[in-house]
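Asks: Fold the following, please.
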Amino acid sequence: MNGKRRRLLLAAVDPMLEPDEQVEVVTIVSLSSVSVRRTAAFAAASAIMSGGMAVIPTPAPMYLAMTGRRIFIFRADPMFARPREHVMTIPRAGLVRSEIKERLLNSSFVVSSPDSEQSLKILFPLLGRKERNAIAAVLPLAG
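Replies: Predicted coordinates:
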């Protein structure tokens, strides 16, 4: 994440922090549950319907900021570097993660909590491996 994006994200997170809370990791991620097979099928169908021009759906980019206590997710403005809106805050206590799935252009893992039936698949771009590893290091593997 470049310096301008980082500064704007930290400025958006700062008012939400508790007095002794500090941001440990910031990165750009995608939150998605769309499978590769489904994406390929959509691209093929759109190519047939439009006479050869394929459309591939991509998840909206999100900014993730992690502190020692919480994970903040903001929708990223696709035209500008600033965060558009706060989407969710997840308490870190009790969170577990799945194994990291490595792909050619990205990697991902699923974050879940024993208190919730829902889970969140976080996709990291190829250049976000350092941040992915920092987040994965503090979240225990699900048993």
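
Asks: Can you name the next helix or strand after the helix or strand of the chain with the lowest mean pLDDT?
Replies: One helix or strand of the chain scores below all others by mean pLDDT, DSSP states H and E: helix 36-50, with a mean of 52. Counting by DSSP states H and E, the element after helix 36-50 in chain order, helix or strand, is strand 61-67.

Asks: what comes up buried for the helix or strand following that following strand?
Replies: With elements assigned by DSSP H and E, the helix or strand that comes after strand 61-67 is strand 70-76. Buried residues in strand 70-76, defined by neighbour count with 16 or more other CB atoms under 10 Å: 70-74, 76. To be clear about C-beta, it is placed using only N, CA and C from the backbone, and glycine gets the same treatment.

Asks: again with stretch 110-125
Replies: 111-113, 119-125.

Asks: Which pLDDT value goes with the spatially most central residue of the chain?
Replies: Nearest to the mean C-alpha position of the chain, by CA atoms, centre = their mean, lies residue 29 at 3.1 Å. Looking at residue 29, its pLDDT is 94.
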